[in-house]
Structure formats: structure tokens, C-alpha cells
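Colleague: sequence and predicted structure, then a few things I'm wondering about:
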Amino acid sequence: MIATLFGILAFLVLGLIGVFRGRDANGIVYGASLGISAALGIVGLRALFGAAPATLVLPLGLPWIGAHFRLDALAGFFLLVVNLGGVGASLYGIGHGRHERDAARVLAFYPWFLATLNLVVVADDAFTFLFAWELMSVVSWALVLAHHRDPANIRAGFVYLVMASLSGLVLLLVFGLLAGANGGYAFTLMRAARPTPGIAGVAFVLALLGTGAKAGLMPLHAWLPLAHPAAPSHVSALMSGVMTKVAIYAFVRIAFDVLGDLSQWSAVVVLALGGATAGLGILHALMESDLKRLLAYSTVENVGIIFIGLGLAMAFRASGFAAGAALALTAALFHVFNHAIYKSLLFFGAGAVLSATGERDMERLGGLIHRLPQTSFAMLIGCAAIAALPPLNGFVSEWLTFQAILLRPALPQWGLKLMIPADGALLALTAALTGACFVKLFGIAFLGRPRSDAARDAHEVDRFSRAAMLGAALLCLLLGLLPGVLVDALAPVARELLGVRLAEQMALPWLSLIPIAAVRSSYNGLLVFLFIVLATSLTILAIHRFASRAIRRAPAWDCGFPDTSPITQYTGASFAQPIRRVFAASLLGARETVFMPPPGDMAPARIEKTLSDPLWEALYAPLGVWIAWLADRLNHLQFLTIRRYLAFVFVALVALLLALALWQ
Amino acid sequence: MHAISFDVAKILAGSLVLTSFLMIYQVRLLALLNVLGVHAFVLALAVAWQAHVQAAPELYITAAITLIFKSALIPEALRRIVVRLGLHREIENVTSLGLVMLAGVGLVALSLEVMLPVTAQADPLTRTDIALALSVVLLGLLMMVTRRNAVSQVAAFLSLENGIDLAAAGARGMPLVVEISIAFSVLVAFLVIGVFLFRIRERFDTVDMHALDAFRGDRK
Amino acid sequence: MPPLFVSFLAQGGQMAFVLLAAPLFTGFVRKVKARLQRRRGASIMQPYRDLRRLIGKEAVVADNASWLFRTAPYLIFALIWVAASLVPTFASGLMFSWTGDLIAIIALLGAARFLLALAGLDIGTGFGGIGASREMMISSLAEPAMLMIVVTLALIVGSTQLATIAEFLRSGAAGLRVSLALALFALVIVALAENGRFPVDNPATHLELTMVHEAMVLEYSARHLAMLELAAWLKLLLTMSLIAAIFFPFGMAGGGDGAIDLGGFARGALAWGGKLVVAGALLGVFETAIAKMRVFRVPGLLGIALMLGLLGTLLLYVSRGL
């Protein structure tokens, strides 16, 4: 525990170095961050397998309350996730940070960001938690505005700040409700307090709002695709891969640990929001042509998948089916881990493309597999992993989620009976659309012919960046081959929150994954991988040994019409066009208009596509108008006489006294 | 009651629901009428099976009526109307078919969720039949709501009526008189609608219900 | 338990068996179609000859093809081969059948499709792009439909293991069920779409405006093309075997824990061959009778499959008897 706090302190000091030394400190800051993150990751790992939770109370913060810290299995797991992301991003930053224009602005806040991420996870009372939470918001906001001269970034920063304040405010209310009149602000006291079902219900909805707004749960996702891409790429990776996970940690902590028993309706709400987030998130991603925005929308989708798993766990727990809840929770947390890795990898790759070509728009890329071979290889692994293809890790967590859906315990509640199959279908749809989305990303940006000079003249990035990407890719593969390691590592978390755990996996023959029983379902990533490798090499050997291995290079065939201009290739928009017509026409209001010049006119015919976000128009835009109207009305309160201000104070005082009198 | 007779009854009722979905999906008029014939054919099978299982010979008559009128004569007559009206190449433009289908799936789940607990005391053989019959009725209604062409609305109405028949057959059969009178009323409805189709067509040159909306008297 | 190497032999036998049978099955379907169209048609053995001819040729590769383009055919073939070896053909419960369940088989096919679409985009030609784009559109509906069918089955049987499912349905314990009927109907639609058959795609030509599969492999030649063709045939055989194993599981040898029973294997192989002959004939008749769809009608068709899969799942969640 003490070690964790020292680590956080070291991050804070490191930030100061960044402030004073600026660009020269690039290597020091990122190198030291790497070391501290690695150390904190080991602390998390030990806490995960440790016997008893470590606690610590420091005389900081509010008087008589102090700052409580606690490191149990759940916190340990998330500490591991946070710092794994931190290690990757820091390693990447050593190389990538050199290209940074505003180095001082990033270097100062980067270690602080890592510090706050860690602090949220170990906080054990409402004050420390909220302090860390808000600090995390502010520091990440500063990082979003690192390139603040771009007007788009200013808007992103504004929207982000509004949403972050909303999330902090709502969480403040949650803890206020839970602490009650006596002010038991330590989580230990809240756990013991057992609120009434009404209060627990309200607190739960608020907690879902507050943590969901930070995680990117729909309809509170609007800031995420604006803010995450605006930051430097390794910070984007941290925000998408890690900060959303910290929000999910907060949700798990409140819903599973502090609140305890919740009604089945709460599970229905989580399942519905999770399913909608997953489906709409990936649909938005498919429509994007900006690499980093696409990845940010895909983060929204993955958060949805995680919430589906968490909703299943809540449903099973509320129905008294602890073993199923353990499976669903394990699936959700497995996905948390997976997403932290491959989303970091993909953002690193997008950053590498950005520093190699200066482009984020995939319509101006292409053919990078020839120019950036190692980056492309790592990105291919990342794309396949996030598309849930075996034998990589993304498949395992989706497989586990499906196994949880298939458990079908006797559910008494009809909302769940309808919602769980619907989520199954949405999950399946999301998985398939993710495949399409990442075929688009890799196929358009990395394959084909370069669509701009920048893409044609790109050069492979530095070795630190490559090491970070290839390391993450390796981790994706290893986790896919030996998923049992992580499932076993999650057993203490499940036992801590639900009282039961899944059977031990690493002791099984052939290292299979058997969540429930062998006749029910099993998956062996290692053997699948071995079979694929064997079959591939056998085929290649046989063909090359016994048949022809002659090869000739020639211009592309293209049915006899080889086109000379790379513009004639399929673009991202045209790749997504069928899916846009099928899905997005009704869901995202996608429209296509063709402008045909009149006969005789030599102007080119044009096709224009428009896309709208119904959620933004139905929810955010009216809200913004309403707030602006209200602000206008309230504006003249600023120009009153002092007598009137005194009257306000007086009226407020009397009203409060009246309320108190009526209350009793 | 054997398990197998139980299963066959369920399969037949389920196939009726499936055929209802195929009707919703089908936007070509002639193909839609073919599916309507299949719909009535499946219904005839289901009713005949109920007659066999319940040993209720009067249900065989119902099945026969269904087979002759609804699965052969009416679709054939409608087909002729469609050809005479020159609509046989018509493709209906149903907006967001996917959402309509999704709503249909929801309706089926809803009717099961409502009917199964209500009929908990009923004969297990007829229980699922009644629940699925309600789904067929709801799907027919859904189709009537979403279609604009008068012919497909007639087809939807007939499929709705098939659902009522299935429920009736499940509930140990209606009295034969009722059954015959319903059959006649359907026939009359069909004739009236058929005549109207021609009249409408003569007057307005279309059978698109949307186009007729402009002529409503109560609108200003 | 039989000796380890015998179990290996049975598993290896299955893998070799499907590989050898796949071209034959395609040849058979082509022959049926030709006869129905009153042509004499090529010999049933023609696919083997095509393969032999193709692998003997010099491969022509586009100038700007990457390593992905050259390795993809082998990987795609391997992925589908591994998936095919997990589907019970003549016997269920072979030694490594527990390596992956039905969901894993679908995901393996998904991985093959992912690579194929990327390979289509690698050269940067219009045809490759159109094929890849449409393939992903079709799969974005076909794959979830397939998964919902699996969910339906798994809810009935209580397992996603294909061997367990086949055993359970063979025992007749499931009875006739509405959800099973829905699943069969949906699975047939998905199988047609997944294999690029009528009414979704035309397997015989790429000179048509709705081409999907053939457009993606347009740039391939010689041994690479041979691998992709064989993979496509293997996939067709796989889906047919899957339908047979799930909905018509009679005659299959029950392996249990990898037990070896040669008589059972022979009977199982005979039954499997019989089922495939029927399936191939039906496919031929169906493809001759039906016209190809406009490409934007395909989502409606697949939407039906997805809805039916979802409906089956819902029915099972609402009432266990359906």
C-alpha cells in the first residue's frame, strides 16, 4: 500500500521535472514513468493474489475523516490494467514524444495523469475518491488541450470539461446519498450501511450516470470521440485504454461492492444501455474516416460490451445465481484487460501513422504496409484482436460473454427474459460490424496504393514506438493462447465481490478453457493456434515442394483495365457504403444526394453523404439551447442593487428555516 | 397425450408464425399472394392435426374449408385481380423493413409472455397454440399498419383471420355454424374489397392507400 | 481410452477425408446444375483437375502486392481446414473436437473472411474493393444470424460443443421444437450467403455486377488461386456437414471419449455421403430454380435469418418448451 502511494508521489514529482525541464526531459519523464508504472503494476499483481486487502489511513484531506486507501483484489486488478497501459504508453512516449510540438505541455501533465489514474483505484473514501476523480478529469482535460491552437480541439476540450463536471457532480450526489445524515464517508462505512431499496435505486442510477459519462456509455458518449483523438497519441491510448477502465472500475466498485444488493431492474437498465452503446458505437466507428476518431468510437463500442457483461453479472447476482455472475464478471473484466491492450496498440499505430505521414484521414493514406512494415504488422494483430478473431485475445472475452448469455438460469423477471437475448443478438451484430470496421481501417490505410505523397514517402517510426506496439501485439497473442492465466487471476476478484469463483483453468489438461463443464463448452486457443500454424506450414511446404514455386511480378490484372490513378481505389467511405445504406440510414440518418450536372455541362457529377447523430440532436442540442436561454434570463441577476442581493439571502435563509420546520 | 402430437402441433403453429414473417418480408405482390397461400395451407395442416389429436371430426371440415378457400381460391382470385389491375410487377416500398421485423419479433415475445401465464391452467396442447395464434394476429395487424397497397392489406387481413382460426381450432373448435359464418364473412369481405379495389382504381388510378388519403372528406 | 495414436489417426483421418471430399462435392453440385440446365456438364472429377492444373502454374502477382497478399491464401485455407476438422462428419466426439466449440468454428470462418477481404483490398483495384466491401456487408448480417442460431441450439441442448449437440439431437431428447425449425430455416439462408451461392452471389462467374467472392480473388492466380478455391469448396462442405450434423444427425458414429469403432465409422461415412448427395442435389435444384437477388435485397433476406435466430432465442428464454 505504502509502495503504491510512493509511486503516485513519484509521478507527481516527475510532473514537476517535466514542467521545469521541458523538452529536454522527454527521456527522463517517459523513462521514469515506465519504471514507476512497472513497479506499480507489480504491486497490483501482488495485491491481486494477496491474502487480505491492505488498508491505510493517512491524516490528509478532510479533518476527522482522513484519507483512506485500500488495495484489495479488485483494486489490484485495475492497478495492473492502469499500469500496463502506463508502461506501454511510456515506452511509446520515449520515441513518440520527440516529435511533440508542445512537449512541455504534455510532459508536465503526463505523469500527473498516471498518478491520478492510480489514485482513483486505491481511494477508499468518498472524499479521496472524488478528489482523485476530479483531478484525473482536469489533468486529462489539460492534455486534450495540449494542441490548443486547433479550434476543433478547443471545442473538444469544452465539451469534455462539461461532461467531466457533470460526472463529478453526479458522483458527489451518489456519495452524499450513501453516506447519509451521519456522514460515513469511508467506503467501509457505506458498505455496512445497507441503504433502503429506494435510496439504493436512486444512488445506482446516479452512479451509472456518473461513471457512464466518464466511460463513454450512451447517451453520455458525445465527448469521447471529440476528446480522445485531440490528445497526443500515447495520451489518447491512455484515455481510451485506461481512463475508461478506471470509470468502469468506479462502476464495479459502487454497484458490486458498496451498494451490494440491487434489484433486477437495474440489471435491465445496464443491459439495455450496454447493448445500445455497443451497436451504435461501432456503427459510428464504421462511418468515420479519421483514424483516431474511428478508434475512439470503437472505444465506445467496447465499453458497451463490457457493460453487457457487467449487466449480465448483475442480473445473475440479483437472481441468486452466483456462479453465473462470476462467469459474466470474469468475461467483463477479461474484456477490460483486452481492450486496454489492443486499444493502446491501435492508438500507438495511429500515432505512428500520424508522425510518419502527418495524416489522420485514411482517405489520404494507403500502401503503408510497404513503408511501415513493422507498424503494419502490429496493427494487423491489433485489428484482428479487436475484431475478436481466434486465436487472439479479443475472441476469448467475447466467447466468455456468450457463454454467460447461454447459461439461461430461471429468470423470474420478464425484462431480463427479453433483454438478455436481445443483447446476445446485439453482441453478435457488434462483433460482425467490428470485423467490417477494422477491415476498413487496415485495408484502406495500410493496404492498396498510397493516395497522397505523404503516404508514399512515409518512413518507419523509431524503435521505442515499434517496441511498444510489437510488445502489445505479443501480449494480445499470448493472452489468446493462454487465457486461463487471466481467468485464474480474476478468480480472487470474483470471490471478493460475489463469494464464488470459476474453476481453476491452468490445471486443466492441454490448458483448455472450460468455464463451466467440458460437455458444455470448451475452447483451447493454444491448440487452435498450433493447428493453424501446422496446417499453414504443411500446405506451404507441400505446395512449394511438390508443385510450382515460380512467381512473376506483373501489373495488376483488374479484369484487363488496370487503372493508373490511385484515386480509383475504394476509399473508406465507399467501403462503408453498403453498411451505411443497410444500417445507418435509419439509425444515424445517413443520406446520399447525387448532383448531376445538366446535359452539356462539363462539371463533374458529385455524390454527397450526410450523417447526423440523432442522439446529439435529440438530447444535447436542445439541452444546450435551453441552458443558453436560462443563462440569458439569469444574466440580469448580475446587475442588481445590494439591497436586492440582501433580500435574496434573507429569503433563502427563511425558506431553509421553513423547510426545516416543516420537515420535523 | 403423446409428446410427439404435442410437438407437431407446436411446430405447425410455429410454422404459421414463420410464414407470417415471410409475408411481412415479401414486398412483391404476386410472391406475397403465394406466401398467403402457404400461410393458409400451414393453417389447414395445423387444424387438421388438432382434429386428429382431439378426435374432433368437425375440425376436419374447418381444415377443408381453409384448404379450399383460403389456400387456393382466394389467393388465386387475388392474383387475377392483381394481374388485371396491372400490379404484378409492383414492388412495395416499405420503409425500414428491418425495424418492422424487429417489432414483429418483439410482438411475438410479448404475446408469449402475456398468454403463457394467463393460460397456465389450460390444456398444455392448446396453450402454446393460443399464444402463437395471438402472435399471428398481431403480426397481421402489424403488416396492415405498415403496408400501403390495398392488395397487401387484404392479404394481411386474411393472415390475421388465419390466426383467429388457429386459436379457435386450439380451443376445441368453435361451433361449426360460427366457423362457417366466419368463413362466409371473410368471403364477403374479400368480395367487397375486391370490388372496391376496382372502383378505387377506376376513380383514382392507384391502389396506394397513401395516395387516397388526400381525398378524405374530414380533412380540410 | 484407446491408444493415443489411434485417436490421432481418427482425427487426422477426418482432416484428410474432408479435404479429399470437398472438390468432389462441388463437382457433384455443378454436375446436378448442368444436368438440370440440359447441359452435359464437366465430369464430377473436374475440380481435382482444376486444382492440379492451377498448382502447377507459375503465379503472377501484382507489382504492388504485399506479403499479406501472398500468405493470405495459405492462412485462409488453413483456418477453414481447421474449422472443417472440428465439424463432425462421419463421427462425433473425435479427439480434438473439444478444441473449439461452435462459436469458435464461426469465429474461424470469420477470421478467414477477414483475411480474404484484406487480400482483396491489398492490390488497390476497384474489383477487390467492391468485393471486400460487399462481403463485409453480407457478413455483418450473416455472422450474427449464425451466432443466434448457435445460441438457439445451445439453449436447447445446454452446450455449444458440436459433439454434444449432435449427440443430444440424435438421442431425440429435444423432440420437435418451434425454435429448432426456425433455426433450420435461418441456417439454410445463412449457409447460402456464407458460401456465395444463389440468390446472394453467383459462384460460377465474376462478370456480374453483384460479384462478391469472385471479385475479391480476381487478382489471384495459380497456386494461390488453387488454395482459395479449395478453401471455398471446403467451406461449402463444412456448412453442409454442419447442417447435417445438427439437424439430421442419424447414422453418425458416436465417438464419446475418442473411442474407435471402425464399423461405426464406416456406417457413419456412408450416412454422411448419403446426406451430402441429398444436400448437393437439393442445392443444385434450388440454384437452378431461383434467380439472383439485387445486392441491396440481400440484407433483407439475411435480416430474416437474423430475426428468426433472435426469435428462436427469445422463445427459449420465454418458454422452455418451444
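Modeller: In hand now; what should we look at?
Colleague: any low-confidence regions in chain A?
Modeller: Filtered on pLDDT under 70, chain A yields the residue ranges A:181, A:664.
Colleague: give me that answer again for 50
Modeller: Scanning chain A for pLDDT under 50 picks out nothing.
Colleague: that one against chain B: which residues are in contact?
Modeller: A:414, A:417-418, A:582, A:585-586 (Cβ under 8 Å from any Cβ of the partner chain). The way it works is simple: take the backbone N, C-alpha and C, and place the C-beta from them, glycine included.
Colleague: out of those residues, which are inside helices?
Modeller: Among these, the members falling in helices (DSSP state H) are A:414, A:417-418, A:585-586.
Colleague: from the residues of chain A next to chain B, list just the buried residues.
Modeller: A:414, A:417-418, A:582 (16 or more other Cβ atoms under 10 Å in any protein chain shown).
Colleague: check the residue in chain B positioned nearest to chain C and give its pLDDT.
Modeller: Residue nearest to chain C within chain B: B:G14 (3.0 Å; Cβ to the nearest Cβ). On pLDDT, B:G14 comes in at 85.
Colleague: pretty sure it contacts B:L132?
Modeller: Yes - with contact defined as Cβ atoms under 8 Å, B:G14 reaches B:L132; the gap is 6.4 Å.
Colleague: between these two, point out the one with more neighbours.
Modeller: B:L132 (31 against 28; other Cβ atoms under 10 Å in any protein chain shown).
Colleague: just the closest of the residues of chain A next to chain B to A:L209, please.
Modeller: A:L418 (23.6 Å; Cβ to Cβ).
Colleague: can you tell me the helix or strand for the nearest residue to the closest one once chain neighbours are set aside?
Modeller: Take A:L418 and drop its neighbours on the chain: the residue closest to it by Cβ to Cβ, 6 or more residues apart in numbering or on different chains is B:A109, 5.7 Å away. Using DSSP states H and E, B:A109 sits in helix B:97-118.
Colleague: check contacts around the residue nearest to A:L418.
Modeller: B:A109 is in contact with A:418, C:311, C:314-315, C:318, counting by Cβ atoms under 8 Å, 6 or more residues apart in numbering or on different chains.
Colleague: if you rank these by neighbours, which is first?
Modeller: Counting by other Cβ under 10 Å, top hit in the contacts of B:A109: C:L311 with 30 neighbours.
Colleague: which ones are touching it?
Modeller: Going by Cβ under 8 Å, 6+ apart, C:L311 touches B:17, B:21, B:105, B:108-109, C:179, C:182.
Colleague: dump those residues to JSON lines, plus pLDDT.
Modeller: Converted to JSON lines, these look like this (pLDDT from 0 to 100):
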{"residue": "B:V17", "pLDDT": "89"}
{"residue": "B:F21", "pLDDT": "88"}
{"residue": "B:V105", "pLDDT": "86"}
{"residue": "B:V108", "pLDDT": "86"}
{"residue": "B:A109", "pLDDT": "83"}
{"residue": "C:S179", "pLDDT": "84"}
{"residue": "C:L182", "pLDDT": "87"}
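Colleague: how near is A:L513 to A:A542?
Modeller: A:L513 is 32 Å from A:A542, where distance means Cβ to Cβ, to the nearest Å.
Colleague: who has more neighbours out of the two?
Modeller: With neighbours defined as other Cβ under 10 Å, A:L513 and A:A542 compare such that A:L513 has more, 22 against 11.
Colleague: gap between the more buried one and chain B?
Modeller: 32 Å (Cβ to the nearest Cβ, to the nearest Å).
Colleague: that residue and chain C, how far apart?
Modeller: 10 Å.
Colleague: contacts only, for the most centrally placed residue in chain B.
Modeller: Centroid-nearest residue in chain B, with Cα atoms, centre = their mean: B:S159, separated by 0.6 Å. Taking Cβ under 8 Å, 6+ apart, we find B:S159 in contact with B:19-20, B:23, B:36, B:39, B:136, B:139-140, B:143.
Colleague: from these, which is closest to chain A?
Modeller: B:L139 (17.2 Å).
Colleague: before we move on, the earlier item: please identify which helix or strand holds the residue nearest to the residue nearest to the centre of chain B when sequence neighbours are not counted.
Modeller: Closest residue to B:S159 apart from its sequence neighbours, by Cβ to Cβ, 6+ apart: B:G140 at 4.5 Å. For B:G140, the enclosing helix or strand under DSSP H and E is helix B:124-146.
Colleague: okay, buried residues for that helix please.
Modeller: So, applying 16+ other Cβ under 10 Å, buried residues of helix B:124-146: B:125-144, B:146.
Colleague: again, but for stretch C:272-284
Modeller: C:272-273, C:275-276, C:279-280, C:283-284.
Colleague: same question, stretch A:36-51
Modeller: A:36-41, A:43-45, A:47-48.
Colleague: format those residues as TSV; extra columns: secondary structure.
Modeller: Compiled in TSV, these are given as follows (DSSP: H, G, I helix; E, B strand; the rest coil):
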residue	secondary structure
A:I36	helix
A:S37	helix
A:A38	helix
A:A39	helix
A:L40	helix
A:G41	helix
A:V43	helix
A:G44	helix
A:L45	helix
A:A47	helix
A:L48	helix
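Colleague: which two among the residues you listed are spaced furthest apart?
Modeller: Pairwise across the buried residues of stretch A:36-51, and taking Cβ to Cβ, the largest span is found between A:I36 and A:L48, at 18.7 Å.
Colleague: neighbouring contacts of stretch A:550-557?
Modeller: Counting by Cβ under 8 Å, 6+ apart, residues outside stretch A:550-557 touching it are A:562, C:57-64, C:123-125, C:218-219, C:221.
Colleague: A:R643: neighbour count?
Modeller: 7.
Colleague: and the single nearest residue of the stretch 151-300 of chain A relative to chain C, how far from A:A115?
Modeller: Proximity of the stretch 151-300 of chain A to chain C (Cβ to the nearest Cβ) peaks at A:L286, 9.0 Å away. Remark: distance between A:L286 and A:A115 (Cβ to Cβ) = 36 Å.
Colleague: these two: which has the busier surroundings?
Modeller: Taking other Cβ under 10 Å, A:L286 and A:A115 do not tie; A:L286 has more neighbours (28 against 25).
Colleague: give the contact list for A:L71.
Modeller: A:L71 neighbours (Cβ under 8 Å, 6+ apart): A:1, A:4, A:43-44, A:47, A:50, A:53-55, A:79, A:122.
Colleague: ok, so of the residues you listed, who is nearest chain B?
Modeller: A:L79 (42.2 Å).
Colleague: find the nearest non-adjacent residue to that closest one, please.
Modeller: That would be A:G44: by Cβ to Cβ, 6+ apart, it lies 3.0 Å from A:L79.
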